[in-house]
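A.B. asks: quick check, what structure comes out for this input:
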Amino acid sequence: MITNETIVALSTPPGAGAIGVIRLSGKDAIAIANSVFSGKDLLSQPTHTLHFGLIKDGDIVIDEVVVSLFVGPKSYTKENVVEISCHGSNYIIQQIINLLIKKGASAAKPGEFTLRAFLNGAMDLSQAEAVADLISSDSQAAHSVAMNQLRGGFSTELNVLREQLIHFASMIELELDFSEEDVEFANRDQLQELINKITIVLNKLIRSFELGNVIKEGINTVIAGRPNAGKSTLLNALLNEDRAIVSEIAGTTRDTIEEVLNINGINFRLIDTAGIREATDTIEAIGVEKTMLKISQSAVLVYLFDVLNLTANEIRDDIASLYKPGLAFIAVANKIDLSFSDRLKELNLPSEIKFIGISAKENQNVEELKELLYETVIGDKLSENHTMVTNIRHVEALRKTQESLDSVSQGLINPVTSDFLATDIKQALYYLGEITGKVTTDDLLDNIFSKFCIGK
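C.D. replies: From the prediction side, this is the model:
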């Protein structure tokens, strides 16, 4: 899949700006850049150096530029790489790219620079995917998770397990060569111990996907409750701005309102919803239907209730209709500045449901609610050295690895011949290899790298 073509693309975002960076990669990258550069002879310059000069098309000066040289293999792609920093005019950028193509370069496809880095051994496949996650990270936590994967935290853990499995696979393959002698080179008890050890790690990684995915995408947090509970006032208080219309008229919010709140580096996607009640018109009915849909899609549900006007039985009925096992649920009593009824002590909420009293209007305990949101979802689950899975492709491969190892384990409990054990171990190795790119297909690579931006 590696070609000898030299590729070129704009690596900075499209649009006018102070500077644009045009990147070339390939065997002839330096020679092509040198053919349009008026300054030092780039072919005789050392790697990792900067050079000021002109880009010229014949006698026509296109721009003053700074050229960065990275001589392979000491580059991002392990090929010769040239980066041309020019003025950020769309016209200038296009003129330079067109000139470089005329001199022999080809327009890069999405993700082709990182694809070449992977194919040339600069990084494995999970690290290459982390590059895309790093570019799209929009919170401290998402950045930390992507950086850990880019630096090989995930790959290292998987490669250790894979090497140990390969050892047993080779021993069992050796048994097949001596099948007539009926000998065992692979210790079955040690193999079972290894499978148990790997299963623990796989379970940990698979469980981490739930948290890793919400960190990557943001945590859907729905604010739900009856009309006039103060949902829009709470949204405004959490955001510290007047984002939603606040009115004493019941049913003011007819559609969902979505905003992002960053708490300790985690993005919570707050969703203010229409009040839950029997709708009085068609439009409100649509709003209530949307509310129930958003609740079903939420990772966290903030049930807000008016402590003044609801009885304990009404609150319990609401919670019973909204709560589902596994859903992070926070019950929030609003308007505690006016009254804090003793009947709340009679609620007997399930232990999985967390409770807090606030006044959204007076901004009382709103910061404490933010802390409770963070603790409910994240708690102490994040650490710099904690490996976390954020990619659905990875978690599916881990599950398939687990299924193959379960088959190996069953083959040890109910003894089967070495060839069946070898087949199941090979299958487990295949799925582990899919994650880091030890095993790849062109279709898989096309699917992954086509989602990258051009220029990366």
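
A.B. asks: quick one: the strands in this protein?
C.D. replies: 7-10, 17-25, 37-38, 49-57, 60-70, 81-88, 106-107, 219-224, 257-263, 266-272, 300-306, 328-334, 353-357 (DSSP state E).

A.B. asks: strand partners of the fifth one, parallel vs antiparallel please.
C.D. replies: Taking DSSP bridges as the criterion, strand 60-70 forms sheet pairs with strand 49-57 (antiparallel), strand 81-88 (antiparallel).

A.B. asks: and those strands: which comes nearest residue 156?
C.D. replies: Residue 156 lies closest, by CB to CB, to one member of the strands paired with strand 60-70: strand 81-88, at 26.4 Å. In short, each C-beta sits where N, CA and C put it, glycine included.

A.B. asks: so who does residue 110 touch?
C.D. replies: Residue 110 is in contact with 449-454, counting by CB atoms under 8 Å, 6 or more residues apart in numbering.

A.B. asks: run through the stretch 351-456 of the chain and note the low-pLDDT ranges.
C.D. replies: 380-386 (pLDDT under 70).

A.B. asks: thinking again about what came up before, can you add distance to residue 294 and give the strands of the chain back as JSON lines?
C.D. replies: Listed next are the strands of the chain as JSON lines, based on distance: least, CB to CB, whole Å:
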{"stretch": "strand 7-10", "distance to residue 294": "39"}
{"stretch": "strand 17-25", "distance to residue 294": "38"}
{"stretch": "strand 37-38", "distance to residue 294": "56"}
{"stretch": "strand 49-57", "distance to residue 294": "52"}
{"stretch": "strand 60-70", "distance to residue 294": "48"}
{"stretch": "strand 81-88", "distance to residue 294": "41"}
{"stretch": "strand 106-107", "distance to residue 294": "42"}
{"stretch": "strand 219-224", "distance to residue 294": "5"}
{"stretch": "strand 257-263", "distance to residue 294": "9"}
{"stretch": "strand 266-272", "distance to residue 294": "5"}
{"stretch": "strand 300-306", "distance to residue 294": "9"}
{"stretch": "strand 328-334", "distance to residue 294": "15"}
{"stretch": "strand 353-357", "distance to residue 294": "19"}
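
A.B. asks: mind checking which of those is nearest residue 189?
C.D. replies: Among the strands of the chain, strand 328-334 sits nearest to residue 189 (CB to CB), with 41.8 Å.

A.B. asks: if you rank the contacts of residue 110 by neighbours, which is first?
C.D. replies: The most crowded member of the contacts of residue 110, judged by other CB atoms under 10 Å, is residue 449 (22 neighbours).

A.B. asks: now render the strands paired with strand 60-70 as CSV, adding mean pLDDT, distance to residue 201 and mean neighbour count.
C.D. replies: Formatted as CSV, those follow (pLDDT from 0 to 100; distance: least, CB to CB, whole Å; neighbours: other CB atoms under 10 Å):
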stretch, mean pLDDT, distance to residue 201, mean neighbour count
strand 49-57, 97, 44, 15
strand 81-88, 97, 37, 22
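
A.B. asks: for these, which one sits closest to residue 357?
C.D. replies: Between these, strand 81-88 lies closest to residue 357; by CB to CB that is 52.8 Å.

A.B. asks: now render the strands paired with strand 60-70 as JSON lines, adding distance to residue 430.
C.D. replies: Formatted as JSON lines, the strands paired with strand 60-70 follow (distance: least, CB to CB, whole Å):
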{"stretch": "strand 49-57", "distance to residue 430": "44"}
{"stretch": "strand 81-88", "distance to residue 430": "33"}
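
A.B. asks: how about those, which one is nearest residue 143?
C.D. replies: The nearest among those, by CB to CB, is strand 81-88 at 23.3 Å.

A.B. asks: export that closest one to CSV, keeping only CA atoms.
C.D. replies: Presented in CSV, the C-alpha positions along strand 81-88 are these (Å, rounded to 0.1, in the frame of the first residue of the first chain):
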residue,chain,number,x,y,z
VAL,A,81,9.1,15.8,4.8
VAL,A,82,9.1,19.5,3.9
GLU,A,83,6.7,22.0,5.5
ILE,A,84,6.3,25.4,3.8
SER,A,85,5.1,28.2,6.1
CYS,A,86,3.6,30.9,3.9
HIS,A,87,1.2,33.8,4.3
GLY,A,88,-2.4,32.5,5.0
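
A.B. asks: list the helices and strands the helix ranked longest in the chain packs on?
C.D. replies: Ranked by residue count under DSSP state H, the longest helix found in the chain is helix 188-217. If you count contacts as 3 or more CB pairs under 8 Å, 6 or more residues apart in numbering; DSSP states H and E, helix 188-217 packs onto helix 140-150, helix 153-177, helix 392-413.

A.B. asks: in the first one, what's buried?
C.D. replies: Yep, that's helix 140-150 we're talking about. Across helix 140-150, burial judged by 16 or more other CB atoms under 10 Å covers 141-142, 144-146, 148-150.

A.B. asks: what's it in contact with?
C.D. replies: For helix 140-150, the external contacting residues (CB under 8 Å, 6+ apart) are 123, 126-127, 129-131, 133-134, 136-137, 154-155, 212, 215-216, 264-267, 378, 382, 384-388, 390.
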